[in-house]
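[1] 3D model of this:
(one chain, ligands or ions: 2)
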Amino acid sequence: MGLCGILAVIAVTPIQARSDVLEELGCAGCHQLEPIPRAERTLARFAARKGPDLFYAGSKYRPEWLRSWLADPKPIRPAGIRPFELTSSSETGDVLAAAPAPHPTVPSNRIGSVVSALESRDWGSELLPNPAPAPAQVPRMLAELNFVKFKGCGSCHRTTASGPPLSGPDLMDGWSRLQPAFLAAYIANPQNWDPVAPMPGYALQPIEVGKLMEYLRLLSQEAR
Ligand code: HEC
Ligand code: HEC
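    Ligands and ions are numbered 1, 2, ... in the order given. Predicted coordinates:
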């Protein structure tokens, strides 16, 4: 396509026109790479997703985590992106009927440009508290009790790899995966990020958010 062709495409479709390494590598086949209007972010769309939305990847992930994960991806959602398809109920709880498909690996010579392309997708950056709130001081055992039982986060998020698969993303490495400001903003109000996010909005006070952040920080320090 000549320069005039490119300019014509940009003029007609300003958002979809971005053609970068993510398009080239086929990431768009499973991921939403450009923002879509709030009204179009329906439950039906959420349930049909083939991968998590990446149009706020630049506001969400730590770049150094992206670099290592894309080179050697490990499962984050133990039951996949559509848990209801891979799990079946039993008397002792949900069981995994099939393992989620492994994530495509990004070739090492493309990692740098893929991470830059993800970082440039910074929808929601205005939702991030600046500076990021610091984790609150709370002893390890109390922090765990708070996360698992008091706040009930443990019913959807695993904090050890040995537990049965749950519907939410694993959070053993949540601290090293997610930017602290995103952690705080998402925990405080998941529906700001996705109007149909299945995670309840708890309307937590900053100190409560800080305690949950501290638990994830402590977890990330433990060798597993
Ligand atoms: C066949 C579908 C598919 C393709 C193609 C694909 N992904 Fe994914 N991607 C997924 C799924 C499913 C997950 C969730 C994995 C999990 O939770 O274990 C995911 C997760 C991710 C994550 C972590 C996000 C998160 O919060 O879980 C990143 C970053 C990512 N993909 C980037 C990419 C990039 C960059 C490309 C293109 C090089 C790509 N993906 C291609 C399906 C795909
Ligand atoms: C009813 C189930 C449920 C409960 C309870 C729940 N979550 Fe979630 N949470 C989810 C799901 C599902 C997602 C992923 C949403 C998506 O894919 O867009 C998520 C996403 C997250 C994320 C972003 C991680 C990521 O990789 O996308 C964090 C951080 C998080 N939850 C923390 C918590 C904390 C802290 C609590 C307790 C206060 C909690 N969650 C309670 C279901 C839940």
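
[2] which is the next helix or strand following the lowest-mean-pLDDT helix or strand in the chain?
    Lowest mean confidence among the helices and strands of the chain (mean pLDDT, DSSP states H and E): helix 3-12, at a mean of 52. Next along the chain after helix 3-12, taking DSSP states H and E as the criterion, comes helix 21-24.

[3] What segments of this protein are helices?
    3-12, 21-24, 43-48, 57-60, 63-71, 83-86, 111-119, 140-145, 174-177, 180-188, 190-193, 206-220 (DSSP state H).

[4] Quick one: these as TSV, columns for mean neighbour count and distance to residue 162 too.
    For every residue, glycine as well, the C-beta is placed using N, CA and C. Converted to TSV, the helices of the chain look like this (neighbours: other CB atoms under 10 Å; distance: least, CB to CB, whole Å):
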stretch	mean neighbour count	distance to residue 162
helix 3-12	11	50
helix 21-24	16	34
helix 43-48	11	29
helix 57-60	23	27
helix 63-71	16	21
helix 83-86	16	18
helix 111-119	18	30
helix 140-145	14	15
helix 174-177	20	17
helix 180-188	22	24
helix 190-193	15	26
helix 206-220	19	14
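
[5] closest one to residue 77 among those?
    helix 83-86 (7.1 Å; CB to CB).

[6] How about that closest one and ligand 2, touching?
    No - Helix 83-86 does not reach ligand 2 (CB under 6 Å from any ligand atom); its nearest approach is 8.2 Å.

[7] Help me see whether that helix makes contact with ligand 1, please.
    No - Helix 83-86 does not reach ligand 1 (CB under 6 Å from any ligand atom); its nearest approach is 10.1 Å.

[8] got it, and stretch 199-209?
    No - legend: contact between stretch 199-209 and ligand 1 by CB under 6 Å from any ligand atom is lacking; minimum distance shown is 13.1 Å.
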